[in-house]
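Undergrad: This is a predicted model, with the sequence first.
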Amino acid sequence: MRKYLMTMLFAATMISAAPLHAEEDDVAADANVSTESSSGAENTAAASDSNLFLKNSAKQRRPLNLDIIGGITYGGTLYTGLRFGIPIVPKGFSPLNDSFDLEIASYANFNMPYQAFGGVLDNPYMVDALIGFRYSFYPTDKCTLYIRSLFGVGILPYIGGVVFSFDISVGAYWNFSKYVGMNFDIGYPGVTLGFTFKFGNLSKE
């Protein structure tokens, strides 16, 4: 009789413990699924960042942009101006995250010396009217690297003259947000620093 009661008690104990082990197994399985999901999300984010150099990046934007700039030439002349950029090949020419823009610019140069009549004539200012292209590369969503090539004329109102003018430079944009950033470039006519304002196609591609 005692052996029979011990056997029944042992069986009842095993039966009551079985659901507990099942619940523990379910909790462990849920934890594994959660860990795998988290790892998958992290891997997807890392893959997205690593593909930022490429055309399939979800962070590509090709807005219009207006630059308000100021600079100094290598001869000490100060200038200021506006540049307006229009994306004409927004997906660029390569598998990289690049673009090709038309740019229209106007600069005002102050105290611009002008070589004429065998000597140097001092002019209060010169106004440039330029048009050309900018090739841009986007290594991150914050930074844009570019090469600019603009050509046009420089108008000298003080003496009624017109000269050939150009802007060939390399530089970078740094974006504070999708609307506002800063720009810096160096080349000819000098070193330039300014602000850029973006509008138009600001949605993600």
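TA: Yep, it's here.

Undergrad: only C-alpha atoms for contact and neighbour calcs from this point on.
TA: Will do.

Undergrad: Can you pull the domain assignment for this protein?
TA: The record's domain parsing of the chain by automatic domain parsing lists 2-52, 64-199.

Undergrad: mean pLDDT for the ones you listed: which is lowest?
TA: When the domains of the chain are ranked by mean pLDDT, domain 2-52 comes last with a mean of 48.

Undergrad: do you know how far the closest residue to residue 125 other than its chain neighbours is from residue 149?
TA: In space, and not counting its chain neighbours, residue 125 is closest to residue 110: 4.3 Å by C-alpha to C-alpha, 6 or more residues apart in numbering. Distance, residue 110 to residue 149, by C-alpha to C-alpha, to the nearest Å: 22 Å.

Undergrad: And the strands in the protein?
TA: Listed in chain order, the strands of the chain (DSSP state E) span 64-73, 78-89, 98-116, 119-137, 143-156, 161-175, 180-188, 190-199.

Undergrad: Not counting the fifth one itself, show me its contacts.
TA: Contacting residues not belonging to strand 143-156 are listed as 103, 123, 125-139, 161-175 [C-alpha atoms under 8 Å, 6 or more residues apart in numbering].

Undergrad: before we move on, what about the third one?
TA: The set of residues external to strand 98-116 that reach it, using C-alpha under 8 Å, 6+ apart, is 55, 62, 77-93, 120-138, 150.

Undergrad: Would you mark the buried spots in it?
TA: For strand 98-116, burial by neighbour count (16 or more other C-alpha atoms under 10 Å) applies to 98-110, 112-114.

Undergrad: what's around residue 176, how many residues?
TA: Burial of residue 176, expressed as a neighbour count using other C-alpha atoms under 10 Å, amounts to 12.

Undergrad: hang on, isn't it packed against residue 141?
TA: No. Between residue 176 and residue 141 there is no contact, the gap being 10.2 Å when judged by C-alpha atoms under 8 Å.

Undergrad: so how far is residue 198 from the residue lying closest to residue 88 once chain neighbours are set aside?
TA: Leaving out its chain neighbours, the residue that sits closest to residue 88 by C-alpha to C-alpha, 6+ apart is residue 101, at 5.3 Å. Distance, residue 101 to residue 198, using C-alpha to C-alpha: 14 Å.

Undergrad: Residue 73 too?
TA: Residue 73 sits 27 Å away from residue 198, going by C-alpha to C-alpha.

Undergrad: likewise residue 185?
TA: 18 Å.

Undergrad: now residue 178
TA: 7 Å.

Undergrad: Kindly tell me how buried the residue nearest to residue 198 when sequence neighbours are not counted is, as a neighbour count.
TA: Distances taken as C-alpha to C-alpha, 6+ apart put residue 65 closest to residue 198, at 4.4 Å, once the chain neighbours are dropped. Using other C-alpha under 10 Å, residue 65 has 20 other residues around it.

Undergrad: residues touching residue 65, list them.
TA: Going by C-alpha under 8 Å, 6+ apart, residue 65 touches 84-86, 196-199.

Undergrad: Can you give me every residue that contacts residue 137?
TA: Applying C-alpha under 8 Å, 6+ apart to residue 137 gives the contacts 96-99, 144-146.
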